[in-house]
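In: model the structure of this input:
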Amino acid sequence: MNESGQRGVRETAFLVLIVEDEADIRSTFESILEGENCRTRGAATLAEAEDSLQVFPPDLVLLDLGLPDGSGLDLIPKVRQQHPEAEIIVVTAETRVQSAVQAMQSGAVDFLEKPVGLDRLLTTVKLARERKGLRQENLALKKQALAQYEILGHSSPISEMKEMIHKVASSDLPVLITGENGTGKELVARNLHIYSSRSSAPFIAVNCAAIPETLLEAEFFGHEAGAFTGATEARKGLFREAGKGTLLLDEIGEMPKNLQSSLLRVLQERRARSVGGSQEYPVHCRILAATNRNLEEEVASGTFREDLYYRIRGVEIHVPPLREHPEDLPLLTEAILKKGDPSGKKSLSSEALTWLETQEWPGNVRQLASLLEAAVLLAPENVIQPEDLERLHRGRTPLGSPAEETKAQALEGQSQDLWTHFLAIDDLREFRESAEREFLRHKLEEEGWNVSATSRRVGIRRTNLHERLKNLGLR
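Out: Predicted coordinates for the structure are as follows:
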């Protein structure tokens, strides 16, 4: 029993169009390949082959070049146009090898010299079949990634941004992604990667503000064993780990000047050297950058290199803040609730959705998601009401405003809920982490999820705060 029979799944037939004017060769190919679970169709002339393309979508075309009514070369562009996923393998006599080379330049992937041996034919078809399987697997992975990292929204700003992503994804131009905190800059970077030809290679995102300055060069360029204290083993570094994929430099505006110089050299020469190494290595990855800062102002103030700015800003994609596309809020809300509660038990009342639409969102989609995820967990009923959201929102209300009393009542109820939650914890370490999580969440929301501003406010180094947020699940 073959492997597909053991699995109980019938393998999908592989469609092969055999374009060959010699009937005995054509029938031999058909007989052999039909025995290998291929579906075949024969064509003796160029005209028959063109007719076959209309009704038989081939995975592989075995193409003889010397046909009675013309050259097989003339069929190649028609196959490419009508069935772009099909592979073409030329079958030709030794005297036509030069034509076979010309065919490969036109889009054929290989050629076979007549007479074709059985093993050579089967190996060639097997490899073509495996390549098809890999393409299908990559397509399935791409669809899965697109579903996971889908950019939601139908408003004009979001639609224009999506159009820009599709235009530049296939290019290797560097892209600078700008926007406020919480707008979804990494999501844009992931879409650029998924829609590119690099989608099957790694996507690596690194937060330039979260790496200690003393380790930045080693993190990016790698290091040799013994290069510095604590370097007990060699490390590839981010440029090599990304391979032929994509490397996102998030919060690039936080990058120190000395590393900016090294990065500029990598972008210019596409080569780098590990710390403690003597040999350079090639850099193949596409480099994207993201920032919430105005880099033109940083250049003017001297904190960001002007030459690096123009190098990373091949194309700029701006991610609009939520206040510029409020019409997308219902769609975003529905998706966040579904993610937080896959069972679908939790929903928003129409009053709660109206309440969301009246709020300001300085932390943008990230702040909205944080609030709704908390509401899914803490709202007492399955239908989330405005008062549930108000207790969790902790929005700042100006003193003396009509809403001050309502806010005070909401905060009082929220404090009681939190205190009850804290007292239910028996483990001291868990209590400390829970309290710290609520404290930092509160401060981050007050600062619009601006990590730099929050670190200054609470008196923690920005890199240390990034680490705490990661450990507490607030990133």
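In: not counting its own residues, what contacts stretch 44-54?
Out: Residues outside stretch 44-54 that contact it (CB atoms under 8 Å, 6 or more residues apart in numbering): 17, 19-21, 23, 26, 41, 43, 63, 67-72, 74-75, 78-79, 82-83. Heads up, the C-betas are built off the backbone N, CA and C, glycines and all.
In: gap between it and the chain center?
Out: Relative to its parent chain, stretch 44-54 has a centroid offset of 41 Å by CA atoms, centre = their mean, to the nearest Å.
In: before we move on, the earlier item: now list the buried members of the contacts of stretch 44-54.
Out: Buried by 16 or more other CB atoms under 10 Å: 17, 19-21, 26, 41, 43, 63, 67, 71-72, 75, 79, 83, out of these.
In: export those to JSON lines and tack on distance to residue 103?
Out: Listed next are these as JSON lines, based on distance: CB to CB, whole Å:
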{"residue": "17", "distance to residue 103": "15"}
{"residue": "19", "distance to residue 103": "12"}
{"residue": "20", "distance to residue 103": "15"}
{"residue": "21", "distance to residue 103": "16"}
{"residue": "26", "distance to residue 103": "19"}
{"residue": "41", "distance to residue 103": "20"}
{"residue": "43", "distance to residue 103": "17"}
{"residue": "63", "distance to residue 103": "7"}
{"residue": "67", "distance to residue 103": "13"}
{"residue": "71", "distance to residue 103": "9"}
{"residue": "72", "distance to residue 103": "7"}
{"residue": "75", "distance to residue 103": "10"}
{"residue": "79", "distance to residue 103": "11"}
{"residue": "83", "distance to residue 103": "16"}
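In: residue 91: helix or strand, and which one exactly?
Out: strand 87-92 (DSSP states H and E).
In: so which elements touch the next helix-or-strand element following that strand?
Out: Downstream of strand 87-92, the first helix or strand assigned by DSSP H and E is helix 97-106. Contacts defined by 3 or more CB pairs under 8 Å, 6 or more residues apart in numbering; DSSP states H and E place helix 97-106 against helix 76-82, strand 87-92, strand 110-113.
In: redo that, cut-off 7 Å
Out: With contacts taken as 3 or more CB pairs under 7 Å, 6 or more residues apart in numbering; DSSP states H and E, helix 97-106 sits against strand 87-92, strand 110-113.
In: just to check, residue 328 is in contact with residue 155?
Out: Yes. Using CB atoms under 7 Å, residue 328 and residue 155 qualify as a contacting pair, with a distance of 5.0 Å.
In: in the stretch 251-400 of the chain, which segments are predicted with low confidence?
Out: Along the stretch 251-400 of the chain, the parts satisfying pLDDT under 70 run over 394-400.
In: at 50 instead, please
Out: Applying pLDDT under 50 to the stretch 251-400 of the chain picks out residues 395-400.
In: ok, now the stretch 1-150 of the chain?
Out: Within the stretch 1-150 of the chain, the segments meeting pLDDT under 50 span 1-10.
In: can you tell me the SS state at residue 429?
Out: Under DSSP: H, G, I helix; E, B strand; the rest coil, residue 429 falls in the helix class.
In: let me know the pLDDT of it.
Out: Looking at residue 429, its pLDDT reads 71.
In: same check, this time on residue 222
Out: pLDDT, residue 222: 90.
In: report the contact partners of the residue lying closest to it once chain neighbours are set aside.
Out: Nearest residue to residue 222 in three dimensions, chain neighbours excluded: residue 237, at 2.7 Å (CB to CB, 6 or more residues apart in numbering). Residue 237 makes contact with 219-222, 274, according to CB atoms under 7 Å, 6 or more residues apart in numbering.
In: residue 125: neighbour count?
Out: Residues lying near residue 125 (other CB atoms under 10 Å) number 22.
In: that one is in what secondary structure piece?
Out: In this structure, residue 125 sits in helix 118-148 according to DSSP H and E.
In: skip the chain neighbours and tell me the closest residue to residue 368.
Out: Residue 368 sits nearest to residue 361 (CB to CB, 6+ apart), 5.8 Å away.
In: a helix runs through that neighbour, doesn't it?
Out: No. Residue 361: not assigned to a helix; according to three-state DSSP it is coil.
In: distance of it from residue 159?
Out: Remark: distance between residue 361 and residue 159 (CB to CB, to the nearest Å) = 20 Å.
In: neighbour-wise, which of the two wins?
Out: The residue with more neighbours, out of residue 361 and residue 159, is residue 361; 22 against 13, by other CB under 10 Å.
In: what comes up buried for stretch 315-333?
Out: Residues 317-322, 325, 328-329, 332-333 are the ones in stretch 315-333 that count as buried (16+ other CB under 10 Å).
In: now, which of the residues you listed lie within strands?
Out: In strands, defined here by DSSP state E, the members of those are 317-318.
In: helices - which of the buried residues of stretch 315-333 land there?
Out: When these are checked against helices (DSSP state H), the matches are 329, 332-333.
In: which of those residues sits closest to residue 124?
Out: residue 332 (50.4 Å; CB to CB).
In: contacting residues for the closest one?
Out: 152, 365, 368.
In: again, only using 6 Å
Out: Applying CB atoms under 6 Å, 6 or more residues apart in numbering, we find residue 332 in contact with residue 152.
In: likewise residue 389?
Out: 352, 355, 375.
In: let me know the closest of those residues to residue 134.
Out: residue 375 (43.4 Å).
In: circling back to that earlier point, next, format the helices and strands packed on helix 97-106 as a markdown table and append mean neighbour count and distance to residue 101.
Out: Conversion of these to a markdown table gives the following (neighbours: other CB atoms under 10 Å; distance: least, CB to CB, whole Å):
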| stretch | mean neighbour count | distance to residue 101 |
| --- | --- | --- |
| strand 87-92 | 24 | 9 |
| strand 110-113 | 17 | 8 |
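In: nearest to residue 136, out of the ones you listed?
Out: strand 87-92 (13.4 Å).
In: got JSON lines for the buried residues of stretch 315-333, with distance to residue 256 too?
Out: Listed next are the buried residues of stretch 315-333 as JSON lines, based on distance: CB to CB, whole Å:
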{"residue": "317", "distance to residue 256": "25"}
{"residue": "318", "distance to residue 256": "25"}
{"residue": "319", "distance to residue 256": "25"}
{"residue": "320", "distance to residue 256": "30"}
{"residue": "321", "distance to residue 256": "28"}
{"residue": "322", "distance to residue 256": "31"}
{"residue": "325", "distance to residue 256": "35"}
{"residue": "328", "distance to residue 256": "37"}
{"residue": "329", "distance to residue 256": "38"}
{"residue": "332", "distance to residue 256": "36"}
{"residue": "333", "distance to residue 256": "39"}
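In: mind giving me the domain split of this structure?
Out: With automatic domain parsing as the criterion, the domains of the chain are listed as 3-141, 150-320, 323-471.
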